[in-house]
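Trainee: mind folding the following:
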Amino acid sequence: MAIHQISVFVENKAGTLSEITGVLAGAGIEIRALSIADTTDFGILRLIVNEPDKALDRLRAAGLTVSRTEVIAVCLEDHTGALHGVLETLNQAGIAVEYAYAFITRKSDAAYVILRVEDNECASVALRKAGVGLLSAEDVYSL
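Mentor: Got it, this is the predicted structure:
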């Protein structure tokens, strides 16, 4: 159930994010979720888009440094402690979470979380056993 995440190396200067979103918009690619982590000089923009292969090609063609990473996406009921339950399930299975970011959609009352973990398959098995809803790539790309 891997979701393809696009990571873009971003210089910390005015107009860089606009350039990236312009490339995607010009190609008709829709952003489903994003996260950016930065330092003084650069950052990493992480994107979930509806057409990851096309996004990768277009961003590379624009001269940007990009990579693809497999992540998983979980669906959480919108109540206190839902995320803790997911993270505790992974902890009990001995799976470390490298990073996470959340998003919501108008199509549901649920929240969604993208997780980068050590082992997607082991994490998926542990989460399914705990009754956590996992999303397929098609589910996420079509939100």
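Trainee: adjacent strands (with direction) for whichever strand in the chain runs longest?
Mentor: Under DSSP state E, the strand in the chain containing the largest number of residues is strand 66-76. Counting by DSSP bridges, the strands paired with strand 66-76 are strand 3-11 (antiparallel), strand 111-117 (antiparallel), strand 133-134 (antiparallel).
Trainee: could you chop the protein up by domain?
Mentor: Structurally, the chain divides into domains by automatic domain parsing as follows: 3-69, 70-141.
Trainee: okay if I get those as CSV plus mean pLDDT?
Mentor: Output for these, formatted as CSV (pLDDT from 0 to 100):
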stretch, mean pLDDT
domain 3-69, 92
domain 70-141, 87
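Trainee: redo those as CSV? Include mean neighbour count.
Mentor: In short, each C-beta sits where N, CA and C put it, glycine included. Output for the domains of the chain, formatted as CSV (neighbours: other CB atoms under 10 Å):
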stretch, mean neighbour count
domain 3-69, 16
domain 70-141, 16
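Trainee: and residue 30, what does it touch?
Mentor: Residue 30 makes contacts with 24, 49-51, as judged by CB atoms under 8 Å, 6 or more residues apart in numbering.
Trainee: same check on residue 114?
Mentor: Counting by CB under 8 Å, 6+ apart, residue 114 has contacts 3, 5, 33, 35, 46, 48, 71-73, 100-103.
Trainee: kindly report the same for residue 38.
Mentor: 10, 12, 44.
Trainee: do you know how far it is from residue 18?
Mentor: For residue 38, the distance to residue 18 (CB to CB, to the nearest Å) stands at 15 Å.
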